[in-house]
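Enquirer: Requesting a structural model of the entry that follows:
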Amino acid sequence: MLCCVPLSEIIVPRVESLLLKYEKSSVEISERFVNFLDNSQNSKGNFFCLCNSDSSAQKSSPEKNGACTDVAGLVFVSQAGLVLHVFEEIVMREQGTELQKALIPVLRTRQVYCISGEEQGSKIIESVVSVSHPELKQTDCREYRLMEYREEVSVDTGLVPEYKIIHCTSQDYGKLIDLQKEYDIVEVLPSCMDFNFQLCCGNLLRVLDLGRVYAIPAWSEVSSGTGKTLRVYDESKTYAAKAALSALSRNCIQIGGVFTQRCYRKKGCAASLTRWLARQALKTNKQAVLFVRKENIPAIHAYENAGFYFIKNYRISYYFKSDNHQSKG
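Expert: Modelled structure (predicted):
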């Protein structure tokens, strides 16, 4: 039988094993888990463990007498209603109904505005939300391809140009904010919400303070005396493209926030940035992953040229009260 219980100290080693097993598709929840262990007061949410229990005593207290049942999943629910998850594949495949029943009591007492994670797990949680929160309406559902970088399949035939890449700091805020604003509107903002400039600024400053933003400076092309075209960068202007490390775990980095100014598109900026970040990650023995919308075929081809290949389907869905779409924004 499956049950869902709050994270306890004795379950931590088994949760760590689960996260390592599925780390490539759960980088964000893995980072939040590590931060929670370091300082639980700053977690801004709660962790719940999905456990296999063989008796009613274990169901009510799986850590009783120091004996922990098998951990088959982990769910994080933020104070704002973001739901992250990772489940054993066999549990989703063979115990989906039990999994839904175990999650209902947890989600019923918490607000939900976004579910993010591997596709099958997200669909299971969506079915739980439809029961536990009938007042909520699913307003957006986005499907992605989760891709992993492999150095041996990276293409070095000129399809991915080499650009100058800057490690940005808070001083670069002014040159990045327009890119960040357009990225939020195009790639992040649910259709039923209005753009929040203050929130956009705050998120950009946060990742800049963490040192996780990288960018390609704006450039112009000039002809040299030998007839070749030279690329002349101007770091005093806005950046042509940007990317960020959206999450870090023990063995992986997740690349996100990739966006290019319209006038610099179709020039290989995104592929160049992501491949460079992936290769930098390899130097620290970390594997790079990213997810891209399934319908964005040009971006998928660019990432494939850069050395990324498909590993799993990913899914993000958004919910709002049907009578007041802005209430949880």
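Enquirer: Low-confidence ranges, the stretch 151-300 of the chain, go.
Expert: Where the stretch 151-300 of the chain drops to pLDDT under 70, the residues are 153-158, 225, 227.
Enquirer: how about the strands of it, start to end?
Expert: Remark: strands assigned in the stretch 151-300 of the chain by DSSP state E, counting those that start in this stretch are 166-167, 213-217, 219-223, 229-233, 239-248, 252-260, 287-293.
Enquirer: Would you convert the ones you listed into a markdown table that also reports distance to Pro13 and mean neighbour count?
Expert: For glycine as for every other residue, the C-beta is placed from the backbone atoms N, C-alpha and C. Formatted as a markdown table, the strands of the stretch 151-300 of the chain follow (distance: least, C-beta to C-beta, whole Å; neighbours: other C-beta atoms under 10 Å):
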| stretch | distance to Pro13 | mean neighbour count |
| --- | --- | --- |
| strand 166-167 | 35 | 14 |
| strand 213-217 | 34 | 24 |
| strand 219-223 | 50 | 11 |
| strand 229-233 | 49 | 11 |
| strand 239-248 | 21 | 23 |
| strand 252-260 | 20 | 23 |
| strand 287-293 | 23 | 23 |
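Enquirer: who wins for proximity to Glu118 among these?
Expert: Proximity to Glu118, assessed across those by C-beta to C-beta, is greatest for strand 287-293 (10.1 Å).
Enquirer: Run through the neighbouring helices and strands of that closest one.
Expert: Counting contacts by 3 or more C-beta pairs under 8 Å, 6 or more residues apart in numbering; DSSP states H and E, strand 287-293 packs against strand 136-149, strand 252-260, helix 269-283, helix 297-306, strand 308-321.
Enquirer: For Thr109, find the nearest of these.
Expert: strand 136-149 (14.0 Å).
Enquirer: Quick check: mean pLDDT of the closest one?
Expert: The average of the pLDDT scores along strand 136-149 is 95.
Enquirer: In terms of secondary structure, what does it contact?
Expert: Packing partners of strand 136-149 (3+ C-beta pairs under 8 Å, 6+ apart): helix 119-132, helix 269-283, strand 287-293, helix 297-306, strand 308-321.
Enquirer: Repeat the analysis, applying 10 Å as the threshold.
Expert: In terms of contacts (3 or more C-beta pairs under 10 Å, 6 or more residues apart in numbering; DSSP states H and E), strand 136-149 is packed against strand 114-118, helix 119-132, strand 252-260, helix 269-283, strand 287-293, helix 297-306, strand 308-321.
Enquirer: tilt between the shortest one and helix 119-132?
Expert: Spelled out, that is strand 114-118. For strand 114-118 against helix 119-132, the angle by axes from the mean of the first three to the mean of the last three C-alpha atoms, to 10 degrees is 150 degrees.
Enquirer: Strand 114-118 pairs with which strands, and in what direction?
Expert: Next to strand 114-118 in the sheet, as set by DSSP bridges, lie strand 82-87 (parallel), strand 308-321 (antiparallel).
Enquirer: now the third one
Expert: Based on DSSP bridges, the pairing partners of strand 252-260 within the sheet are strand 239-248 (antiparallel), strand 287-293 (parallel).
Enquirer: Centre of the chain to that strand, how far?
Expert: 9 Å (C-alpha atoms, centre = their mean, to the nearest Å).
Enquirer: Could you do the first one as well?
Expert: In terms of C-alpha atoms, centre = their mean, the centre of strand 114-118 is set 9 Å apart from its chain centre.
Enquirer: ditto for the longest one
Expert: When distances are taken as C-alpha atoms, centre = their mean, helix 269-283 is centred 17 Å away from the chain's centroid.
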